[in-house]
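# predicted model, plus sequence, below.
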Amino acid sequence: MAISQLDLEKSNRFNFRVCMDVLSRPGTTGKIEPLFGSPLNALACCLLYPEVSSFFEDTEEEQQIRALTGSPAAAVEEAEYLFCKTPDPVVVKEASKGTFVSPELSATLFFMIPTAQRSNTTQLILSGPGIKTTRAATLPVDVSFVEALIESNTMFPLGVDCFFLNENGDILGMPRTTRIEVSG
């Protein structure tokens, strides 16, 4: 039992570090170590606990994740962590952006994306902290999603941090500090 707990703690530390790395270098990807065959389970176990609220949109793992973490369910507007099956501009618009007094009350969003998705991709030019000048990136989302994200993050320190995750564990982070332009 102690070895399993140690392995979970090691995995949690590794996955947390991957999340911080991709947030600190927007537009780059990292690789999450899966838990029970799922990178979503791994992230949930890494980030959720009983004092942190979460929202799950149509994910099969929700019951298992709630049992593992004890994280209470919350509405989109109130959840600290949101896990969505697809990138949804409505979720981005409705998620908590924090307040000027407490910007840490903003939400962190995780969007699952199909590994082989080739349609609905948007070419971006990123700039801001963690990017020397600019960085080209492709997000597997449509332009309406990007517009919602830009609008949500215009009044720093308010905004949302987003992650895009596929079933292989590839993860890309987009912090609220990143300036985004649609390319082409």
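Everything's here; your move. Computed from a predicted structure; not experimentally measured.
# tell me the spacing between the residue sitting nearest the centre point of the chain and residue 133.
Closest to where the C-alpha atoms of the chain average out (C-alpha atoms, centre = their mean) is residue 163, at 2.6 Å. Relative to residue 133, residue 163 is positioned 24 Å away (C-beta to C-beta, to the nearest Å). Glycine gets a C-beta too; all of them are placed from N, C-alpha and C.
# which strand residues bridge residue 181?
On the basis of DSSP bridges, residue 181 takes part in beta bridges with residue 125.
# so who does it touch?
Contacts here follow C-beta atoms under 8 Å, 6 or more residues apart in numbering; on that basis residue 181 touches 124, 125, 126, 127.
# for those residues, give me TSV that also has distance to residue 157 and pLDDT.
What follows is the contacts of residue 181, written out as TSV (distance: C-beta to C-beta, whole Å; pLDDT from 0 to 100):
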residue	distance to residue 157	pLDDT
124	22	94
125	23	95
126	19	96
127	18	96
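# longest helix anywhere in the protein?
As far as residue count goes, and with DSSP state H defining each element, the longest helix of the chain is helix 2-24.
# tell me the helix or strand right after that helix.
Tracing the chain C-terminally past helix 2-24 and defining elements by DSSP states H and E, one meets strand 29-31 next.
# off-centre distance for the helix or strand that comes right after that next one?
Towards the C-terminus, the helix or strand next in line after strand 29-31, according to DSSP H and E, is helix 39-47. For helix 39-47, the separation from the chain centroid amounts to 11 Å (computed by C-alpha atoms, centre = their mean, to the nearest Å).
# which secondary structure elements does helix 39-47 contact?
Using 3 or more C-beta pairs under 8 Å, 6 or more residues apart in numbering; DSSP states H and E as the contact definition, the elements that helix 39-47 packs against are helix 2-24, helix 62-69, strand 81-84, strand 108-113, strand 161-166.
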